[in-house]
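*Asks:* Could you look at this predicted model? Sequence included:
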Amino acid sequence: MGKRNKVVKLTQKKIRYIIRYKTNNISTKSIAKDLKLSESTVKRVWMHWIRTKMPLNINKFGRKKKKMDESSEQLILEVTLITSAGAST
């Protein structure tokens, strides 16, 4: 799953690890290798820490879900039933 979505690879635990090791002057390359992240991800977390002194906030990813009204839901169900019935004959 990590290959398809890079956000999944970054957790709060890894963010704390990056900040701790970067404050101890460990290289970005070695941290990235240890955590199996890209160097740019480590740099992004570190630069956010330098600017704000707060860990990077991990937001939810993907498309936002839309609320659907009852009539639209019923229409989709009807069309699905009609098209699936027609495909089998």
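*Replies:* On my side now, so go ahead.

*Asks:* Show me the helices in this structure, by range?
*Replies:* With DSSP state H as the criterion, the chain has helices at 12-23, 28-35, 39-52, 70-88.

*Asks:* and those, which one is worst for confidence?
*Replies:* By mean pLDDT, the lowest-scoring of the helices of the chain turns out to be helix 70-88, with a mean of 81.

*Asks:* and that helix, how far from the chain's centre?
*Replies:* Helix 70-88 has its average C-alpha position 33 Å from the chain's average C-alpha position, going by CA atoms, centre = their mean, to the nearest Å.

*Asks:* same question, stretch 9-19
*Replies:* 13 Å.

*Asks:* can I get the helices of the chain in CSV with mean neighbour count?
*Replies:* Bear in mind the C-beta positions are built from the backbone N, C-alpha and C, glycine included. Shown next, in CSV, are the helices of the chain (neighbours: other CB atoms under 10 Å):
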stretch, mean neighbour count
helix 12-23, 16
helix 28-35, 16
helix 39-52, 15
helix 70-88, 9
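
*Asks:* could I get these as TSV with distance to residue 64?
*Replies:* Converted to TSV, these look like this (distance: least, CB to CB, whole Å):
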stretch	distance to residue 64
helix 12-23	22
helix 28-35	29
helix 39-52	23
helix 70-88	17
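
*Asks:* where does the residue nearest to residue 36 when sequence neighbours are not counted land on pLDDT?
*Replies:* Spatially, and ignoring its direct neighbours in sequence, residue 36 is nearest to residue 9 (7.1 Å; CB to CB, 6 or more residues apart in numbering). Looking at residue 9, its pLDDT stands at 76.

*Asks:* I'd like the distance between residue 9 and residue 45.
*Replies:* 12 Å (CB to CB, to the nearest Å).

*Asks:* Over to residue 28?
*Replies:* 10 Å.
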